[in-house]
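A.B. asks: here is a sequence together with a model predicted from it:
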Amino acid sequence: MAIKRVFFTILVTLTTSIALQANQRNILDDASYKQLAEQVEYAKSQCDSIDLSIINLRQRYMQEHNNRNAIAKE
């Protein structure tokens, strides 16, 4: 859960950063804005990927009683 909160905080920070830059300076050209938006989308996909990995590890941990120590190290 702590990892999820960290990545959510990063995502919110990136999103807020884009909005502030666009609103405060109002000089971003389309290419710069598009690049920042792509970075946010990439961060979102990374968060989703990490979430899925955590969910899968939790499921394996609960199902594979004999391998819990190895799974916990992952």
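C.D. replies: Great, that's in hand.

A.B. asks: where does the prediction get shaky in this structure?
C.D. replies: Where the chain drops to pLDDT under 70, the residues are 1-4, 7-8, 10-14, 16-30.

A.B. asks: host element of S49?
C.D. replies: Per DSSP states H and E, S49 falls inside helix 30-63.

A.B. asks: by contact count, what packs against that helix?
C.D. replies: helix 2-25, helix 68-73 (3 or more C-beta pairs under 8 Å, 6 or more residues apart in numbering; DSSP states H and E). In this view, the C-beta of every residue, glycine as well, is placed from N, C-alpha and C.

A.B. asks: buried residues of it, list them for me.
C.D. replies: Residues 36, 43, 47 are the ones in helix 30-63 that count as buried (16 or more other C-beta atoms under 10 Å).

A.B. asks: okay if I get the residues you listed as a markdown table plus distance to E74?
C.D. replies: As requested, these are arranged in a markdown table below (distance: C-beta to C-beta, whole Å):
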| residue | distance to E74 |
| --- | --- |
| L36 | 33 |
| A43 | 23 |
| C47 | 19 |
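
A.B. asks: out of these, who's nearest T15?
C.D. replies: Of all the buried residues of helix 30-63, T15 sits closest to A43, with 8.7 Å by C-beta to C-beta.

A.B. asks: what's the separation between that closest one and I55?
C.D. replies: To I55, A43 is 19 Å away according to C-beta to C-beta, to the nearest Å.

A.B. asks: T15 contacts V40, correct?
C.D. replies: Yes. The criterion here is C-beta atoms under 8 Å, and T15 meets it with V40 at 5.7 Å.

A.B. asks: may I ask you to confirm that I71 is in contact with H65?
C.D. replies: No. Between I71 and H65 there is no contact under C-beta under 8 Å: 10.0 Å.
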